[in-house]
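Asks: fold the following for me, if possible:
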Amino acid sequence: MNRRLFAGAVAAYLYNGWIGRFPSRRLRCWYLRRWLGNMGQRAGVQLGCRFLNGRNVHLGEGAVINFGSLLDGRKHAVEIGHDASIGPEAALLTLGHDPQAADFADRGGVVRIGPRVWIGYRAIVLPGVTIGEGAVVAAGAVVTRDIDPFSICAGSPARPVGERSREINYELHYSPWLL
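Replies: Okay, here's the model as predicted:
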């Protein structure tokens with residue numbers, strides 16, 4: 001194993017196994033600002049979140065990653081826009097396998113989450129998906145294809161079920177001390 005891969009594995013182990021479970025937001029943010037590809041000033045990551053290759057994860061200003069979420073940056077980036085809220089135990093996946101490949105080949109792509117997107121509890125976003133600005137993904141939804149801006153989608157696979165008001169202009173400032 002080359003040194004860079006080894007260092008990345010150690011960084012992931014330290015965060016996912018120890019630091020990410022420690023009830024100090026300040027410590028977690030300190031570590032993540034050095035490990036992630038980018039972490040906006042108002043961004044927050046709660047307890048128990050896991051990152052696969054943090055260097056490919058980019059969090060915008062005010063982005064909130066709720067407890068227990070998984071952000072997979074193994075081969076492709078995860079890009080989260082400003083003031084987006086990723087619900088508890090959500091999974092943003094950038095890599096999987098081609099079920100038709102005889103050799104179990106990898107298949108993946110960049111996951112892009114637009115500004116002010118709201119992703120619900122235990123939602124799953126599959127590789128290569130873009131979720132447009134202001135969209136809402138319901139709890140438990142499985143997003144298999146791109147979601148238009150300001151759409152509300154639900155189900156497995158996720159389908160549009162409504163439209164969100166375009167009159168949103170909030171900034172997230174969620175920073176509990178222990179979470």
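
Asks: with only the CA atoms kept, save stretch 34-51 in PDB.
Replies: Once side chains and other backbone atoms are set aside, the C-alpha atoms of stretch 34-51 remain, and they are given as PDB (Å, rounded to 0.1, in the frame of the first residue of the first chain):
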ATOM      1  CA  ARG A  34      -8.100  19.600   7.900                       C
ATOM      2  CA  TRP A  35      -9.400  16.400   6.400                       C
ATOM      3  CA  LEU A  36     -12.300  17.200   4.100                       C
ATOM      4  CA  GLY A  37     -11.900  18.700   0.700                       C
ATOM      5  CA  ASN A  38     -13.800  21.800   1.900                       C
ATOM      6  CA  MET A  39     -15.900  22.700   4.900                       C
ATOM      7  CA  GLY A  40     -17.800  26.000   4.900                       C
ATOM      8  CA  GLN A  41     -17.600  28.300   8.000                       C
ATOM      9  CA  ARG A  42     -21.100  27.600   9.200                       C
ATOM     10  CA  ALA A  43     -21.200  23.900   8.300                       C
ATOM     11  CA  GLY A  44     -21.800  21.400  11.000                       C
ATOM     12  CA  VAL A  45     -21.400  17.700  11.300                       C
ATOM     13  CA  GLN A  46     -23.200  15.900  14.200                       C
ATOM     14  CA  LEU A  47     -22.100  12.800  16.100                       C
ATOM     15  CA  GLY A  48     -21.600   9.400  14.400                       C
ATOM     16  CA  CYS A  49     -21.300  10.600  10.800                       C
ATOM     17  CA  ARG A  50     -19.000   8.600   8.600                       C
ATOM     18  CA  PHE A  51     -16.900   9.600   5.700                       C
END
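
Asks: next, residue 96: secondary structure please.
Replies: Three states are possible here, and by DSSP: H, G, I helix; E, B strand; the rest coil the one that applies to residue 96 is strand.

Asks: measure it to residue 89 for me?
Replies: Applying Cβ to Cβ, to the nearest Å, the value for residue 96 to residue 89 is 19 Å. (C-beta placed from N, C-alpha, C; glycine too.)

Asks: between those two, which one's more packed in?
Replies: Comparing residue 96 with residue 89 by other Cβ atoms under 10 Å, the one with more neighbours is residue 89, at 17 against 14.

Asks: surely that one and residue 65 touch.
Replies: No - with the criterion set as Cβ atoms under 8 Å, residue 89 and residue 65 do not qualify as a contacting pair; they are 10.9 Å apart.

Asks: which element, helix or strand, includes the residue lying farthest from the centre of the chain?
Replies: If you look at how far each residue of the chain sits from its centre, by Cα atoms, centre = their mean, the farthest one is residue 102, at 30.1 Å. Here residue 102, judged by DSSP states H and E, is contained in no helix and no strand.
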